[in-house]
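Enquirer: Compute the structure for the input listed below.
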Amino acid sequence: MFNKLIPREIGFFDLFNRHAVQSLDAGRTLVELLSEWPGGEGRIRRIEELEHECDSTAHMVIDLLHRTFITPLDRDETLKLITTQDDIIDSIEAAAQRLQMYDIGKVPMKLVELAKVLVRAQEKLVELVALLRDFKKVDQMKTLIIEVQRLENEADGLHRSGLATLFREQANDPLTVVKLKEIYEIVEAATDQCEDAAELIEGIALEHA
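Expert: Numbers count the residues shown, from 1 in each chain. This next block holds a predicted model:
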């Protein structure tokens with residue numbers, strides 16, 4: 001199915017890069033959506049479109065894997081990396097859809113801040129994925145990986161403080177607490193998935209360096 005869609009010159013690293021950039025676009029759109037909510041349903045549709053594009057890119061990787069005898073990375077590494085990258089965009093889409101599904105009112109500022117940290121982690125991941133084709137830049141990759149890990153820790157702190165504020169300020173509205181708590185957890189999970197992808201790339205780089 002995808003044979004005709006993949007130009008011959010496009011390889012695994014190009015598709016990894018494409019997916020990372022598409023996912024980053026979705027993360028930035030999520031920040032815009034959370035910042036202007038309620039409203040901005042068009043941004044939800046945009047995130048859904050980007051998720052479909054990422055799915056197509058992931059399928060291209062898998063199709064290329066089936067058609068390539070010698071791959072630049074181990075087959076399991078290739079599959080695990082694109083799957084981990086895909087988890088990030090899936091979480092972004094899930095968070096966006098729940099705003100509408102749960103009829104959320106005003107979005108807490110801490111949640112917006114958490115999404116901004118996610119985007120910063122994604123930006124570092126885009127840089128990291130771009131370096132993957134050159135295993136000689138291990139030191140540069142390590143610096144980016146450490147920054148993704150630091151941002152994940154920052155996201156953990158925002159998640160905890162955001163929930164604490166939510167429990168305190170919405171104590172008389174348990175349903176709102178439940179709804180927003182789930183969205184907080186989904187966005188925080190996306191930062192965990194960025195760290196997972198970064199650490200996976202670290203393992204690949206160390207193995208191939």
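Enquirer: Go through this protein and flag its longest helix.
Expert: helix 174-208 (DSSP state H).
Enquirer: could you say what helices and strands that helix packs with?
Expert: helix 75-101, helix 109-131, helix 138-169 (3 or more CB pairs under 8 Å, 6 or more residues apart in numbering; DSSP states H and E). No exception for glycine: its C-beta is placed from N, CA and C like everyone else's.
Enquirer: and residue 47, which of the three is it?
Expert: Here residue 47 is recorded as helix under DSSP: H, G, I helix; E, B strand; the rest coil.
Enquirer: Surely it is in contact with residue 33?
Expert: Yes: here residue 47 reaches residue 33: they are 7.3 Å apart, a contact under CB atoms under 8 Å.
Enquirer: Now the helices and strands packed on helix 174-208 in CSV, please, with extra columns for mean neighbour count and mean pLDDT.
Expert: Shown next, in CSV, are these (neighbours: other CB atoms under 10 Å; pLDDT from 0 to 100):
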stretch, mean neighbour count, mean pLDDT
helix 75-101, 20, 96
helix 109-131, 22, 97
helix 138-169, 16, 96
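Enquirer: Please name the nearest non-neighbouring residue to residue 72.
Expert: residue 12 (5.8 Å; CB to CB, 6 or more residues apart in numbering).
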